[in-house]
Each structure stands twice: as structure tokens, then as C-alpha cells.
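1. From the sequence below, what's the structure:
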Amino acid sequence: MNSDNTNTSSSSSTSHSPTSSPSSTPSPPTILVPCAACKLLRRRCGDKCVLAPYFPPNEPLKFTIAHRVFGASNIIKSLQELSESQRADAVSSMVYEANARIRDPVYGSAGVVCRLQKQVAELQAHLARTQADLLHVKTHQANLLALFSLDIASSSSFTPQLAIAPSASPGFILDDDCGGLGSIWEEQLWTC
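-> The predicted structure is shown next:
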């Protein structure tokens with residue numbers, strides 16, 4: 001009885017060995033990796049899975065977040081109602097909204113939009129203040145340049161004769177041609 005088993009096993013092993021040409025060998029079975037949605041839902045992922053193109057198996061967190069907020073049936077129903085060209089945008093919108101809802105359960109993405117609008121308003125006010133300050137500085141600079149050029153023009157047309165008075169103490173300059181400005185300068189020096 002033992003010898004019969006040996007013969008049958010050897011004959012069965014020889015009958016299954018590939019002796020045919022390589023072109024007639026059967027192709028290896030294709031292993032379908034379920035999409036992230038079907039893997040999470042523990043269901044079979046077929047060729048016509050609506051979720052497979054948008055929730056690849058290497059991004060399981062994407063479906064997990066959207067599933068937590070919207071639910072699988074709502075996601076499937078929403079995708080089936082849309083044309084295929086709009087589905088990718090709808091999935092990214094659902095994932096964004098789900099992320100926002102998880103972070104802020106009350107306001108969701110509307111809270112993000114409000115915060116960004118407030119930040120834009122603050123930055124615009126800051127920009128307006130900065131532009132006003134810049135205009136003020138430019139105006140002040142233009143006024144100083146005008147005064148400086150006026151001072152240079154008046155000093156080039158009028159050249160006073162300066163003389164040092166012999167009786168004055170050293171360091172004092174008296175100007176007789178300036179209508180008594182020397183005495184004003186002298187008074188200013190004494191009052192300092």
C-alpha cells in the first residue's frame with residue numbers, strides 16, 4: 001500500500017511539471033490591491049469601484065478622514081451624482097472640509113475662511129499705514145530739500161564781508177555788512 005502511494009505521488013508530480021513551451025504557460029494571477037476605502041470598509045474592491053480612483057491604497061488616511069465626517073454611503077452617493085471630470089475636485093473638497101471639521105467641529109472650513117479674511121483685512125490696514133508713513137517721509141524729505149536749495153540759493157547771491165573786531169574776544173566774528181547780525185550771533189553765544 002505504501003508503494004502505491006509512492007507511485008501515485010511520483011506520477012502526479014510528473015504530470016504537473018511544466019514541459020510545454022513558455023508561450024503556453026498560464027499568466028500569473030493578477031492580485032488586485034483594494035483601494036483605501038474598500039480596505040477600511042473590509043469589502044471586496046471590484047473593477048467598477050467608484051472610490052478606487054480617488055482613494056488609492058497608499059493614502060489610507062485620506063479616506064479615513066473623509067469617512068469619519070461624511071460616511072461612506074454619502075461619499076459614494078455624492079460621487080455617483082457627479083460627472084467623472086468633477087469627481088476628483090469633489091473628493092479633494094470633501095477631504096479638506098473633513099480636515100477642517102476635525103480641527104474645528106463648529107465652524108469647519110468657514111472658520112478657516114473667516115480667519116483668513118480677518119488676516120487679510122489686518123494686513124491691508126498695516127499696508128495702508130505703511131504707505132501713509134512713506135508718503136509723510138517723502139513729503140518731509142521734499143520740504144527739507146526745498147529749504148536746503150532755497151538756503152543755498154540765498155547764500156550764493158549774498159556774500160557778506162566778515163571781519164574780526166580787534167576789541168572783541170577771540171572766536172567772535174562780527175559782521176558789519178549784515179545789518180547787525182554779528183551782534184545777534186554774539187548774544188546767542190552768550191545765552192547758550
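2. Quick one: list the elements packing against the longest helix seen in the chain.
-> When the chain is parsed with DSSP state H, its longest helix is helix 109-157. With contacts defined as 3 or more Cβ pairs under 8 Å, 6 or more residues apart in numbering; DSSP states H and E, helix 109-157 has these neighbours: helix 84-103. Every residue, glycine included, has its C-beta placed from N, CA and C.
3. relative orientation of the helix it packs on and helix 109-157 in degrees?
-> Counting by axes from the mean of the first three to the mean of the last three Cα atoms, to 10 degrees, helix 84-103 lies at 90 degrees to helix 109-157.
4. Got phi/psi on Arg43?
-> The main-chain torsion angles of Arg43 are listed as degrees, to the nearest 10 and equal phi -130, psi 170.
5. give the contact list for the nearest residue to it once chain neighbours are set aside.
-> When the adjacent residues along the chain are set aside, Arg43 lies closest to Pro34, with 7.9 Å between them (Cβ to Cβ, 6 or more residues apart in numbering). When contacts are counted by Cβ atoms under 8 Å, 6 or more residues apart in numbering, Pro34 is found next to 43-45, 57.
6. Which entries within these meet the buried criterion?
-> In terms of neighbour count (16 or more other Cβ atoms under 10 Å), the buried residues within the contacts of Pro34 are 45, 57.
7. can you list the contacts of Pro34 in a markdown table and add pLDDT and secondary structure?
-> Formatted as a markdown table, the entries for the contacts of Pro34 read as follows, by pLDDT from 0 to 100; DSSP: H, G, I helix; E, B strand; the rest coil:
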| residue | pLDDT | secondary structure |
| --- | --- | --- |
| Arg43 | 88 | coil |
| Arg44 | 88 | coil |
| Cys45 | 86 | coil |
| Pro57 | 89 | coil |
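8. Is it possible to get TSV of the contacts of Pro34 that adds distance to Ser156?
-> As requested, those are exported to TSV (distance: Cβ to Cβ, whole Å):
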residue	distance to Ser156
Arg43	95
Arg44	97
Cys45	92
Pro57	86
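9. packing partners for the host helix or strand of Lys62?
-> For Lys62, the host element (DSSP states H and E) is helix 60-70. Counting contacts by 3+ Cβ pairs under 8 Å, 6+ apart, helix 60-70 is packed against helix 36-41, helix 72-81, helix 84-103.
10. show me where pLDDT drops low in this structure?
-> Residues of the chain meeting the criterion pLDDT under 70: 1-32, 157-192.
11. Tell me how it divides into domains.
-> As assigned by automatic domain parsing, the chain contains the domains 31-103, 109-139.
12. can you give me the end-to-end distance of stretch 74-92?
-> Between the start and the finish of stretch 74-92 there is a gap of 15 Å, counting by Cα to Cα, to the nearest Å.
13. What residues sit buried inside it?
-> Of the residues in stretch 74-92, those buried under the neighbour-count criterion (16+ other Cβ under 10 Å) are 75, 78-79, 87, 90-91.
14. Any chance you could list what contacts it?
-> Outside of stretch 74-92, the residues within contact range by Cβ under 8 Å, 6+ apart are 37, 50-51, 53-55, 66-67, 70, 94.
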